[in-house]
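**Q** predicted coordinates and the sequence they were generated for:
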Amino acid sequence: MTDAIQPQKILIVDDTPQSIKLLVAALKNDYTITVATNGIEALELATGQAPPDLILLDIVMPEPDGYQVCTRLKANKLTRDIPVVFLTALAEDEDETKGLGLGAVDYIIKPFKLPIVKARIKTHLELKRCHDVLKKMLCEQATALTRAETEYARLFCAPRR
């Protein structure tokens, strides 16, 4: 299975160069990193040729903000299963509740601790990998079942001559 060999892809979305540099330096040895500095670019990258396996998303950015980006990602069938982790300075309970309510899988408040961020990323990427494998298996089973039903109908339900 080639997925085990290929590093998983993370899209970092932040308009603060310092945050981007810190995250890229911490994650580049374990993952393929792509960076966007605004919501429009993030949406384009997420729906592009090589969609990310996980998105680290700041909330406080010029239009569209992180909440709007998350809403659009979760509304799009191509991107709705990509885990979104908010990484933001917004520390109020209402902000976190809103972010998780929009479909984010996690909410990390800046300033963050890199070991904690890395552990959460690892967990969410493993869950994503398991989700993807299960989804593929279910699709294969559905296809096999359809073939079996078609063959059964051909053999046993066809009118006899």
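**A** Done, it's in.

**Q** all helices of the protein, in order?
**A** Using DSSP state H, the helices of the chain run over 17-27, 39-46, 66-75, 93-101, 114-152.

**Q** buried residues of the helix or strand bottoming out on mean pLDDT in the chain, list them for me.
**A** Taking mean pLDDT, DSSP states H and E as the measure, the chain has helix 114-152 as its least confident helix or strand, at a mean of 91. Across helix 114-152, burial judged by 16 or more other C-beta atoms under 10 Å covers 117, 120-121, 124-125, 128. To be clear about C-beta, it is placed using only N, CA and C from the backbone, and glycine gets the same treatment.

**Q** okay, now the unreliable bits of the protein?
**A** In the prediction, the chain carries residues with pLDDT under 70 at positions 1-4, 158, 160-161.

**Q** again, only using 50
**A** For the chain, the stretches flagged by pLDDT under 50 are 1-3.

**Q** give the contact list for the spatially most central residue of it.
**A** In the chain, the residue lying closest to the centroid (C-alpha atoms, centre = their mean) is residue 82, at 2.0 Å. Going by C-beta atoms under 8 Å, 6 or more residues apart in numbering, residue 82 touches 46, 51-55, 73, 128.

**Q** would you turn the residues you listed into CSV with distance to residue 108?
**A** Output for those, formatted as CSV (distance: C-beta to C-beta, whole Å):
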residue, distance to residue 108
46, 19
51, 22
52, 17
53, 17
54, 12
55, 13
73, 17
128, 17
